[in-house]
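Trainee: dropping the sequence and predicted coords here.
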Amino acid sequence: MRAEVSLIIEVLKYPESVLEYNSTDWQIILSQGYRHRLLGRLFCLLSDKQLNDHIPEALRWHFQSMQHLSLAHSRDMHIEKLKIEKALKMVGVQPVFLKGLAYDLAKDASSKGRLYADVDIYIPREQIPAAEHALKLNGWFQEEMADYDVAYYRNWMHEIPPLVHKERAVTLDVHHHLLPLTCRFAFSVDKLNLSKAGGHLVLDRDDRILHSACHLFMETEFNKGLRDLSDLDLMFRQHAGADENFWFSITSRADELGLGRLFFYALRYCHQILGTPVPQQILEKCHRQWAPSFGLSVLDWLFTKVLTEPVNANSRFALRSAHYLMFIRGHWLKMPLHILLYHSLHKGWKGFMSMLQRSENVKE
Amino acid sequence: MILGTLAAEHVRHQLNANGIALRVGRFNALIQSDISQVSQDIMTVYADAEVLEHAPIDFHIQLLGSGGFRRVFRPQVNFYFHGHAPFLPLPIEQSLPLMEWGLNWCVSQHYHRTLVVHAAVVEKYGKALILPGQPGAGKSTLCASLVASGGFRLLSDELTLIELESGNILPNPRPISLKNKAIDIIRPTRGQLNLSRVVHDTQKGSVGLLQPPAQSVAAWNCPASPGLVVFPRFNAQAEGGKLQALDKGHALMQMANQCFNYSVLAEQGFKALANHLEQARTFSFEYDGNLEAAIDLMDEMLHES
């Protein structure tokens, strides 16, 4: 198992390793690529180095098809982007695109072979009512949701309940902050730096990367963990290569926003797992400043587990436990204890009731 | 070597251990299962499937029983694709239908080398007859009788694969999924072909799977050129069947709607579909359930094409 885990990571680190692969190795890469949803990315990384001819002919379609799908997603997302801007223009709001679409607009290396689940935008909180109104007039609607869940979003989260477009069925997440309002790392959104990419608003380079790091290292669900880590790794490599001031700039920006701890994790695990070439003095500086005072070796074990292996019902106990502990950690970071307890009791009770209902239905 | 020649006990053991690699349709699947019904079912409907050794595997499939209290209390089956579970578990009796839906999902979600249309397709005289249709239109019934009693070759009962460059159809011959009334209609006319145990109360009602003919399975790599596209609709009043020419623009729109990956392939997909339809004749067909008449009509039409 250990050897298997490292194969896909090996390709992400050094695409040239495929030169040595035999058919068994490729079979493992294929399965891992599906599990981590990274086949399209692998195809792009190999194409960049003219190595895609080394994928065995019989299996090549899997990689190519996922790359195709990623191009189709990107095409659809750009159409969606124009529709959203048009709808919001009525009320004089200009959205800031986040995550996948932002990578694509800014031509970040993390857009390579990426699949998009939904569109994420940021709008200042005071403009939310107008924006929501305009979107609803233009075909977006809020899917039916329990009152409790609506209140959960409205009171505690950094986004409004997700909107879906009635014809195109694409989900739109409208954020008014980058982190949950109740979160331990909350900072003022007035500080965000924006920039224009192809005429559209995105976070500027450092804030974009920090946003990505915040998300991954406060995550509760890690089944796309390796993909997200690879996003960070690709952006680090790309921007460090293009700007010699990059490491200094992003480190001080992390400090300014109070996101040092999360940035430290991003550097540490990108470096440890994917071999991101982070300068030694930056690693050391971040370690001194932001490493947790105890428990780092436990976190190392947990992060390495959850970021490299997705979980399912048949996974080993250790892996399932790691994912479960990280699930709790993610929630712990998102909300203070009293809210968390209230929330878990509510969700636990609802879950229990719906399980009872489900087994009733099976009986009928 | 084909699966039917192996001993049942050996198959059961292999499925439970390292799995059995089979050519299912035109894809290579490694199937593992700890459910003994599954091995019987696979032996029934995949008897002519080739057992593969040292071949590249497209889909690693597992059908595993749920653990914990579900081992004893209303046992469930889970479908895994390369180790992750895309669907919710189902009652264990539905293992075979779940495997078939799962295998369709494997292709429709991941194979973008061809246009994938939700339609049955058969071949005779080297020409393809595509039967697109909403669920309940009778395409599976028609497809099953064309294959079982009309001497047509089964290309697929569910997924029509249209090659992008040529517009030809690539076969993907797998068991035919029969639902509800269709099961009893086909049962007496199926000749030598095995029919699986019928599973009741699935999401789609009762489901039975019909084994594809050995010749169809063996010809998995012989494409068929465009011939007919017929949109069937069941109508008890249409005595003797009513065939009407359908304009190609209309046919294209309807087929595009039935594609799984039209939006993925975009312009390429449109061109493939247009190319196929340019070489084919298109009809709508109301039939009254007289399958023999329908078979004769299709045969004649395809012969002329």
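Mentor: Great, that's in hand.
Trainee: near chain A, which residues of the stretch 201-305 of chain B? Just list them.
Mentor: Those residues of the stretch 201-305 of chain B that sit near chain A, judged by C-beta under 8 Å from any C-beta of the partner chain, are B:263-266. C-beta: built from backbone N, CA, C; applies to glycine.
Trainee: tabulate those in a markdown table, adding columns for pLDDT.
Mentor: Shown next, in a markdown table, are these (pLDDT from 0 to 100):
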| residue | pLDDT |
| --- | --- |
| B:263 | 91 |
| B:264 | 94 |
| B:265 | 95 |
| B:266 | 91 |
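Trainee: just the ones of those in helices?
Mentor: B:263-266 (DSSP state H).
Trainee: buried ones among the residues you listed?
Mentor: Among these, the ones that count as buried by 16 or more other C-beta atoms under 10 Å in any protein chain shown are B:264-265.
Trainee: closest to chain A among the ones in helices among the residues of the stretch 201-305 of chain B next to chain A?
Mentor: Nearest to chain A among these: residue B:264, at 4.3 Å, using C-beta to the nearest C-beta.
Trainee: dump the residues of the stretch 201-305 of chain B next to chain A to a markdown table, plus distance to residue A:195.
Mentor: Formatted as a markdown table, these follow (distance: C-beta to C-beta, whole Å):
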| residue | distance to residue A:195 |
| --- | --- |
| B:263 | 31 |
| B:264 | 31 |
| B:265 | 34 |
| B:266 | 30 |
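Trainee: can you list the low-confidence ranges for the stretch 151-300 of chain A?
Mentor: For the stretch 151-300 of chain A, residues meeting the criterion pLDDT under 70 lie at A:181-182.
Trainee: how close does the residue in it that chain B sits nearest to get to residue B:86?
Mentor: Going by C-beta to the nearest C-beta, chain B is nearest to residue A:223 of the stretch 151-300 of chain A, at 7.7 Å. Applying C-beta to C-beta, to the nearest Å, the value for residue A:223 to residue B:86 is 12 Å.
Trainee: so between those two, which is more surrounded?
Mentor: Comparing residue A:223 with residue B:86 by other C-beta atoms under 10 Å in any protein chain shown, the one with more neighbours is residue A:223, at 17 against 11.
Trainee: and the more buried one, that one's in a helix?
Mentor: No - assessed with DSSP: H, G, I helix; E, B strand; the rest coil, residue A:223 is coil; it does not lie in a helix.
Trainee: with adjacent residues omitted, what lies nearest to it?
Mentor: Once flanking residues are discounted, residue A:223 sits nearest to residue A:310: 4.2 Å by C-beta to C-beta, 6 or more residues apart in numbering or on different chains.
Trainee: was I right to think that neighbour contacts residue A:227?
Mentor: No - here residue A:310 does not reach residue A:227: they are 9.9 Å apart, not a contact under C-beta atoms under 8 Å.
Trainee: any common contacting residues for those two?
Mentor: Taking C-beta atoms under 8 Å, 6 or more residues apart in numbering or on different chains as the contact rule, residue A:310 and residue A:227 both touch residue A:36.
Trainee: tell me which parts of the stretch 1-150 of chain A are close to chain B?
Mentor: Contact residues (C-beta under 8 Å from any C-beta) of the stretch 1-150 of chain A with chain B: A:23, A:26-27, A:30-31, A:34-35, A:56, A:58-59, A:61-62, A:64-66, A:68-69, A:72, A:75-76.
Trainee: buried subset of those as a ChimeraX selection?
Mentor: Of those, the buried ones go into a single ChimeraX selection, burial set by 16+ other C-beta under 10 Å:
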select /A:26,27,30,31,34,35,59,61,62,64,65,66,68,69,72,76
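Trainee: one step back: so is the residue nearest to residue A:223 in a helix, a strand, or just coil?
Mentor: Relying on three-state DSSP, one would call residue A:310 coil.
Trainee: and for it, the neighbour number?
Mentor: Residue A:310, neighbours per other C-beta under 10 Å, totals 22.
Trainee: how near is it to residue A:276?
Mentor: Distance, residue A:310 to residue A:276, by C-beta to C-beta: 21 Å.
Trainee: ok, which stretches of chain A are strands?
Mentor: A:96-97, A:119-122, A:140-142, A:163-165, A:171-175, A:194-197, A:200-203 (DSSP state E).
Trainee: as JSON lines, these with distance to residue B:114 would be great.
Mentor: Shown next, in JSON lines, are these (distance: least, C-beta to C-beta, whole Å):
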{"stretch": "strand A:96-97", "distance to residue B:114": "34"}
{"stretch": "strand A:119-122", "distance to residue B:114": "29"}
{"stretch": "strand A:140-142", "distance to residue B:114": "34"}
{"stretch": "strand A:163-165", "distance to residue B:114": "29"}
{"stretch": "strand A:171-175", "distance to residue B:114": "29"}
{"stretch": "strand A:194-197", "distance to residue B:114": "35"}
{"stretch": "strand A:200-203", "distance to residue B:114": "35"}
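Trainee: make JSON lines out of those and add distance to residue B:254 and mean neighbour count.
Mentor: What follows is the strands of chain A, written out as JSON lines (distance: least, C-beta to C-beta, whole Å; neighbours: other C-beta atoms under 10 Å in any protein chain shown):
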{"stretch": "strand A:96-97", "distance to residue B:254": "36", "mean neighbour count": "22"}
{"stretch": "strand A:119-122", "distance to residue B:254": "30", "mean neighbour count": "24"}
{"stretch": "strand A:140-142", "distance to residue B:254": "28", "mean neighbour count": "16"}
{"stretch": "strand A:163-165", "distance to residue B:254": "24", "mean neighbour count": "19"}
{"stretch": "strand A:171-175", "distance to residue B:254": "28", "mean neighbour count": "20"}
{"stretch": "strand A:194-197", "distance to residue B:254": "40", "mean neighbour count": "14"}
{"stretch": "strand A:200-203", "distance to residue B:254": "37", "mean neighbour count": "21"}
